[in-house]
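[1] Give me the fold of what follows.
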Amino acid sequence: MKDTTKLIDELKAGNRLAFKKLIESYQHKVVGTCYGFVKNEKDAEDIAQEVFIEIFRSVSTFKQESEISTWIYRISINKSLDHLRKQNRKKRIQNLIPLLNPFKDKEIPIPSVDLNKQEELELTEKHKILHEAIQKLPENQRIALTLNKFEDLSAREIAEIMETSLQSVESLIHRSKKNLKEILISKYQYLT
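    You can find the predicted model right below:
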């Protein structure tokens, strides 16, 4: 805690070496958290850069009422969710483009399937289905589940990050698992 307080004081004073130390300490965790939401390594790295820029800009407002790691997780989650919202807006716009020009011929490449890669393809498809199902969860459930299952955080840590009670987080995790199961079952029934 004493080292953390000193680090924060140095950050607030504009010490670039302290900022470099913060990045080295938290970069892997931030990228991992962002990846848990966006499921794309390049996007996660880009978002992580935005997270550290935000930390640099707003460290003077950090009141030290929570751990710095909690504050960093909050920023990471918010930046990841902002990215997903922007992506969804882009997708909606891209879906409208074919309607504006319905007669344009499109060539759709047909991927060749290597029989040796069949299991890899099945696994990739399962990950895609799971990711799509997670994206259908309500935002708070998605955050709690992602932090719990993909970031391996305890319910208590998640409660602090989400600024809610431990009981609320436990309830969110429980509901997210139940809803995820229902989404996957309905998706499976649709596919069969």
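
[2] Please look at residue 54 and residue 74 and confirm they touch.
    No. At 10.2 Å, residue 54 does not count as touching residue 74 under the criterion of C-beta atoms under 8 Å. Any C-beta I mention is one placed from the backbone N, CA and C, and that applies to glycine too.

[3] quick one, domains of this protein?
    Domain ranges of the chain: 1-103, 114-192, per automatic domain parsing.

[4] Let me have those domains in JSON lines, extended by mean neighbour count.
    Formatted as JSON lines, the domains of the chain follow (neighbours: other C-beta atoms under 10 Å):
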{"stretch": "domain 1-103", "mean neighbour count": "15"}
{"stretch": "domain 114-192", "mean neighbour count": "15"}
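
[5] Now tabulate these in CSV and tack on mean pLDDT.
    Formatted as CSV, the domains of the chain follow (pLDDT from 0 to 100):
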stretch, mean pLDDT
domain 1-103, 83
domain 114-192, 82
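
[6] Of all residues in the protein, which one is nearest the centre?
    With distances taken as C-alpha atoms, centre = their mean, residue 37 lies nearest the centre of the chain, 2.1 Å away.

[7] need the helices for this protein, in chain order.
    2-12, 16-38, 41-58, 68-100, 118-135, 139-145, 155-162, 166-191 (DSSP state H).

[8] what about the first one, distance to the chain center?
    If I follow you right, that is helix 2-12. The chain centroid and the centroid of helix 2-12 are separated by 27 Å under C-alpha atoms, centre = their mean, to the nearest Å.

[9] got the angle between it and helix 16-38?
    100 degrees (axes from the mean of the first three to the mean of the last three C-alpha atoms, to 10 degrees).
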